[in-house]
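S.K.: here you go, sequence then predicted model.
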Amino acid sequence: MKSNDSGRPNIVFLIADDHRHNAINALGDTQVKTPHLDSLIREGTSLTNMYIMGSTVGAVCMPSRGMMLTGRTLWKIDEPDLGNWLLWPQMLRESGYHTYGIGKWHNERRSFSRCFAGGAETFFGGMSDHYAVPVHDYDPSGKFPEENARVGQGFSTDIFAEAAVEFLQQYSDEEPFCLYVAFTAPHDPRTPPSDFTYNPNDLELPDNFLSQHPFDNGEMYVRDELLADYPRTDKEIKHHLADYYGMISHLDSSIGKILSALDDTGVSGNTIVVYTADHGLAVGQHGLLGKQNLYEHSIKVPFLIRGPQVPVSSQSDAFCYLYDFASTLCDMLDISIPPSFEGRSFWNTIINGDIHRHTVFSAYKDKHRSIRDNRYKLIKYYLGDKITSQMFDLLSDPLETDNLIDNGKDHPLLSSMESKMSELQTSFSDPIAEENSTELL
């Protein structure tokens, strides 16, 4: 590969599906083997409080990716086709980058064709059998008709990684490239190849494992939660963890091949590499399996970055949203931030360790709302006429096991957190806030 002459860095953006924020060995989960992601952490910067804003539907990945791509907040992205909002790969394409898309695209085909000048092995959808994923070759017309789909040969993670390596080996144009690789792992069905299996008997359950959630959160029978029987058993959850870790280790191995291809082609030094995910996953924590909740394990994602100007072996716990990435990318590349991007750049957080946000607000459907600051977190559940609340001290209780306001107990900061949540709901155009305002008229 010939180095580009523009001086602008290349971009390799890697995004996983269902990868919990700390399910990486170097970030604290020592049960899972992730040597290549660990090396990415050593060679760059990791943001350990990267949040998604939530979801309006059970398929959390769809709005999460929509927010990440548009740089817009939850109720302003025009799902599922993303309207006519500018998407950051589209912005790079219009700025002279050669954009190339591989893997999962859980938004409309029209938005994919706006973003990428080329691509391979594209899967339009949410999930599939990893050994029989339906993929498309790049369609210059942007239509990608269903009848043109074919069954990919091999495991999805391998298919996508091999396409990425092939692109890196063959690319020879002068303009910088943006390679976007979206994996379907470690999303279920979790069927890791035999070389990456874990023995369930060797694993420990998470400290916040429960056989059943303490109360009905309104999503107890969503698809993800039916992957294991109620009540959850130690044995069954350990099997789920083994498969989850196997998928992650296999994914890590494939990412290693992409990183090696960057080294072999001589462009690693002028390439920004980002690894993140669309949301986390419970896998037994709080008696839950899925991501249809607002606990930390489900709304936090890994965010690893390596490249020019990025500090080495650095870590920040600043609060960031994944939808902030679009604006951050503009700062990184010295591109004016488009007015449609609502996110705030966290580039100064990466290079200087600056504080980014003081609070994080998240939402799930019209059922759950949460807010957290540097110590406390409040979650509210709206189920019919009943509102159930939880409040946690995340400094002393990071696993969210001790509800400070259980059984009607009061807390001196509860009222102020409720007020702040209400302010943020209004600022984000939360439909629940608008309904409450209408009722007061």
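M.R.: Looks like it arrived, so ask away.
S.K.: just give me the residue closest to the centre of the protein.
M.R.: Geometric centre of the chain, nearest residue: residue 278, 2.1 Å, by CA atoms, centre = their mean.
S.K.: quick check, that residue in contact with residue 63.
M.R.: No. Judged on CB atoms under 8 Å, residue 278 makes no contact with residue 63 at a distance of 9.3 Å. Placement of C-beta: from N, CA and C, glycine included.
S.K.: next, the contact list for the residue nearest to residue 355 when sequence neighbours are not counted, please.
M.R.: Closest residue to residue 355 in three dimensions, ignoring its sequence neighbours and counting by CB to CB, 6 or more residues apart in numbering: residue 318, at 5.7 Å. Residue 318 makes contact with 47, 49, 346, 349, 353, 354, 355, 356, 357, according to CB atoms under 8 Å, 6 or more residues apart in numbering.
S.K.: try residue 407
M.R.: Going by CB under 8 Å, 6+ apart, the list of residues near residue 407 is empty.
S.K.: would you map out the domains in the chain?
M.R.: Following automatic domain parsing, one finds the domains of the chain at 10-356, 361-440.
S.K.: so where do the strands sit in the stretch 151-300 of the chain?
M.R.: Read by DSSP state E, counting those that start in this stretch, the stretch 151-300 of the chain holds these strands, from start to end of the chain: 177-182, 271-277, 300-301.
S.K.: quick one: closest of those strands to residue 211.
M.R.: Counting by CB to CB, residue 211 lies closest to strand 300-301 out of the strands of the stretch 151-300 of the chain; the figure is 23.9 Å.
S.K.: contacts for that closest one, please.
M.R.: Applying CB under 8 Å, 6+ apart, the set of residues contacting strand 300-301 is 19-22, 49-52, 276-280, 322.
S.K.: mind putting those into a markdown table with distance to residue 200?
M.R.: Converted to a markdown table, the contacts of strand 300-301 look like this (distance: CB to CB, whole Å):
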| residue | distance to residue 200 |
| --- | --- |
| 19 | 20 |
| 20 | 18 |
| 21 | 23 |
| 22 | 20 |
| 49 | 30 |
| 50 | 29 |
| 51 | 30 |
| 52 | 29 |
| 276 | 28 |
| 277 | 23 |
| 278 | 26 |
| 279 | 24 |
| 280 | 21 |
| 322 | 31 |
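S.K.: give me the subset of those residues that lies in helices.
M.R.: Taking DSSP state H, every one of these sits outside helices.
S.K.: flag the shaky bits of the stretch 301-441 of the chain, pLDDT-wise.
M.R.: Per-residue confidence for the stretch 301-441 of the chain (pLDDT under 70) gives these ranges: 434-441.
S.K.: re the thing from before, out of the domains of the chain, deepest packed?
M.R.: For the domains of the chain, average neighbour numbers computed from mean count of other CB atoms under 10 Å are highest in domain 10-356, which has a mean of 20.
S.K.: gap between it and the chain center?
M.R.: 5 Å (CA atoms, centre = their mean, to the nearest Å).
S.K.: what about the helices in the stretch 1-150 of the chain?
M.R.: In the stretch 1-150 of the chain, the segments counted as helices under DSSP state H, counting those that start in this stretch are 35-43, 61-70, 88-94, 109-115.
S.K.: relative to residue 363, which of those is closest?
M.R.: With CB to CB, the closest approach to residue 363 among these belongs to helix 61-70: 10.0 Å.
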